[in-house]
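Undergrad: Okay, structure incoming, though there's no sequence with it:
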Ligand SMILES: Cc1cc2nc3c(=O)[nH]c(=O)nc-3n(C[C@H](O)[C@H](O)[C@H](O)COP(=O)(O)OP(=O)(O)OC[C@H]3O[C@@H](n4cnc5c(N)ncnc54)[C@H](O)[C@@H]3O)c2cc1C
């Protein structure tokens with residue numbers, strides 16, 4: 001059982017991303033003393049909203065969707081009617097054409113033509129006939145469900161851009177978790193006008209979104225934490241966790257030691273082992289040092305005139321350009337763009353921290369983005385009024401061949417520190433969305449404050465409401481309507 005936080009020292013929360021802020025919010029609401037340590041000057045972590053010259057943009061668009069009624073209730077509690085319901089439109093830009101994503105049979109037929117279609121169907125039939133083979137890699141997983149031809153046309157290029165490795169080296173778990181429930185059959189079923197049952201994550205057609213972007217959620221949470229007496233220290237990277245008698249007793253940040261009664265940490269698992277004092281055993285440090293991440297950067301271009309396309313985002317499957325995905329922030333919420341005569345698009349480049357792309361000067365990256373969006377025929381170069389670059393380290397935990405064993409080694413060591421709860425996305429080295437990251441924080445608070453015995457590593461956002469006996473509840477689509485502007489309008493000016 002997790003050690004209860006009993007004395008009067010504050011509970012330390014490491015990281016002010018969705019997980020850390022959720023933990024702090026719930027601790028403060030219970031009247032607990034809490035201090036949040038955030039390494040950077042910003043709150044929201046990967047889910048923050050950057051603001052440049054009044055233009056607001058996500059570091060990768062953040063849809064809010066969840067099957068957890070607790071998480072949905074928390075969003076409503078914090079933002080109420082400021083949470084919009086937005087339509088989703090996302091397409092694949094392929095050979096100069098827009099193909100709907102999720103793939104729809106009629107659309108794919110129209111776009112790929114009869115010959116290619118025959119190839120796709122034959123390859124799908126071959127894949128179905130060989131279903132007894134185990135799915136080891138991402139390539140196996142997708143090929144088994146869609147056929148090799150569709151895999152090559154619509155999954156391979158994009159996935160290799162995202163991960164920077166060949167699809168036969170990527171583990172099948174990533175596909176299973178990320179495009180869970182999706183198959184050619186489920187895609188076809190979803191294309192029919194009426195359907196029942198659960199909709200796979202990848203096919204969700206509406207999502208919730210704060211009017212001013214995800215940052216609005218974290219800013220509102222931070223405000224409430226402070227109002228309830230909690231403290232958030234920005235620019236405070238934790239570099240020491242002092243452990244005595246198998247308990248965290250103090251947190252070191254910025255040369256200052258703060259005595260604590262317990263700690264909830266969303267610090268990347270790789271870093272955590274290195275800040276323990278006394279040091280974690282050597283096998284644990286070695287396991288941690290081998291965990292890997294994919295990083296990325298966003299180039300937000302300010303564009304004269306209306307949105308160049310109606311989609312929230314488009315996937316770029318063209319191997320001739322490096323950009324992987326393009327966001328259209330006005331389509332997420334019209335309030336993201338301050339000037340109704342302009343739009344703002346975000347070109348996402350996947351890379352590794354320190355590599356050639358990552359290290360280029362900002363102005364070169366803006367030039368690259370301007371050239372690529374013009375080459376794709378989406379925005380003429382002369383319409384680009386300027387741009388901003390944001391680099392995002394550790395955007396994606398990598399599931400390579402060794403990660404599971406490494407995580408298990410670190411997890412065993414953590415199990416021996418009674419009052420330390422590890423939560424979140426990089427905190428658990430899991431490809432968690434923000435709802436899932438928040439849910440792990442909620443369970444961690446219950447462990448520390450109520451003596452509950454949740455296994456944080458087993459928390460699954462998809463099954464949360466089933467586990468809690470609320471199987472009849474609707475997933476996120478049941479959320480009541482919010483302002484009229486939220487639905488259907490893409491290019492309207494901010495009110
Ligand atoms: C491109 C992209 C798109 C995404 N899209 C979606 C989406 O559509 N919907 C969705 O729900 N989720 C999405 N996600 C996932 C979502 O961003 C994460 O689930 C969520 O941000 C994880 O929250 P977290 O608090 O665990 O971690 P983070 O957001 O990573 O926050 C961790 C915080 O800890 C801080 N920190 C690190 N080390 C230290 C230290 N030593 N001391 C103090 N602080 C430290 C970091 O600075 C950071 O602020 C997306 C992620 C990416 C990268």
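TA: Now that the structure is in, tell me what you want to look at. Remember, predicted model here, so these are calculated numbers, not experimental data.
Undergrad: From the ligand, how far out is residue 456?
TA: 12 Å (CB to the nearest ligand atom, to the nearest Å). (Glycine included, C-beta is placed from N, CA and C.)
Undergrad: And residue 119, by the same measure?
TA: Following CB to the nearest ligand atom, the distance that separates residue 119 from the ligand is 32 Å.
Undergrad: Next, count neighbours for that residue.
TA: 17 (other CB atoms under 10 Å).
Undergrad: Ramachandran angles for it?
TA: Here is the backbone geometry of residue 119 (degrees, to the nearest 10): phi -60, psi -40.
Undergrad: isn't it right up against residue 148?
TA: No. Here residue 119 does not reach residue 148: they are 9.5 Å apart, not a contact under CB atoms under 8 Å.
Undergrad: Residues of the stretch 351-495 of the chain that sit close to the ligand?
TA: By the rule CB under 6 Å from any ligand atom, the part of the stretch 351-495 of the chain lying against the ligand is 395, 424, 425, 426, 427, 432, 433, 434, 435, 437.
Undergrad: do the same with the chain
TA: 14-20, 37-40, 45-47, 60-63, 237-238, 266-267, 271, 395, 424-427, 432-435, 437.
Undergrad: Out of those residues, list just those in helices.
TA: In helices, judged by DSSP state H, the following of these are found: 18, 19, 20, 271, 434, 435, 437.
Undergrad: which among the residues of the chain next to the ligand end up buried?
TA: The neighbour count (16 or more other CB atoms under 10 Å) marks 14-20, 37-39, 45-47, 60-63, 237-238, 266-267, 271, 395, 424-427, 432-435, 437 as buried among the residues of the chain next to the ligand.
Undergrad: want to throw the ones in helices among the residues of the chain next to the ligand into CSV with distance to residue 338?
TA: Listed next are those as CSV, based on distance: CB to CB, whole Å:
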residue, distance to residue 338
18, 25
19, 30
20, 29
271, 36
434, 25
435, 29
437, 30
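Undergrad: Next, format the residues of the stretch 351-495 of the chain next to the ligand as a markdown table and append pLDDT.
TA: Shown next, in a markdown table, are those (pLDDT from 0 to 100):
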| residue | pLDDT |
| --- | --- |
| 395 | 94 |
| 424 | 97 |
| 425 | 96 |
| 426 | 97 |
| 427 | 97 |
| 432 | 88 |
| 433 | 92 |
| 434 | 95 |
| 435 | 95 |
| 437 | 96 |
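Undergrad: Now the two most distant members of those residues.
TA: Taking CB to CB as the measure, those span a maximum distance of 17.5 Å, between 395 and 435.
Undergrad: For residue 146, see how far away residue 138 is.
TA: 12 Å (CB to CB, to the nearest Å).
Undergrad: Looking at these two, which is more packed in?
TA: Neighbours per residue (other CB under 10 Å) separate residue 138 from residue 146, with residue 138 holding more: 29 against 24.
Undergrad: Can you give me the pLDDT of that one?
TA: Looking at residue 138, its pLDDT stands at 84.
Undergrad: Please list all residues in contact with the closest residue to it other than its chain neighbours.
TA: Excluding its sequence neighbours, the residue lying closest to residue 138 (CB to CB, 6 or more residues apart in numbering) is residue 170, at 3.7 Å. Residue 170 sits next to 137, 138, 139, 159, 163, 399 when contact means CB atoms under 8 Å, 6 or more residues apart in numbering.
Undergrad: Tell me which residues of stretch 451-460 come out buried.
TA: So, applying 16+ other CB under 10 Å, buried residues of stretch 451-460: 454, 456, 459, 460.
Undergrad: the domain parsing of this protein - what is it?
TA: Using automatic domain parsing, the domain parsing of the chain gives 11-87+211-291+400-476, 105-203, 293-397.
Undergrad: about what we covered before: narrow the residues of the chain next to the ligand to those in strands?
TA: Secondary structure from DSSP state E places 14, 37, 238, 395 of those in strands.
Undergrad: my guess is the third one meets residue 13, correct?
TA: So that's residue 238. No. Counting by CB under 8 Å, residue 238 sits too far from residue 13 to count as a contact (10.0 Å).
Undergrad: Touching both of the two, which residues are there?
TA: 37, 265.
Undergrad: Relative to the ligand, which of the contacts of residue 170 is nearest.
TA: Closest to the ligand out of the contacts of residue 170 is residue 163 (12.7 Å), distances taken as CB to the nearest ligand atom.
Undergrad: The closest one: what's it in contact with?
TA: Taking CB under 8 Å, 6+ apart, one finds 170, 294, 350, 396, 398 in contact with residue 163.
Undergrad: switch to 7 Å and redo it
TA: Applying CB atoms under 7 Å, 6 or more residues apart in numbering, we find residue 163 in contact with 170, 294.
Undergrad: now residue 337
TA: Contacts of residue 337 by CB under 7 Å, 6+ apart are 55, 329, 330, 343, 344.
Undergrad: repeat that for 6 Å
TA: Counting by CB atoms under 6 Å, 6 or more residues apart in numbering, residue 337 touches 330, 344.
Undergrad: do you know how far it is from the ligand?
TA: With CB to the nearest ligand atom as the criterion, residue 337 and the ligand are 19 Å apart.
Undergrad: repeat for residue 122
TA: On the measure of CB to the nearest ligand atom, residue 122 and the ligand end up 35 Å apart.
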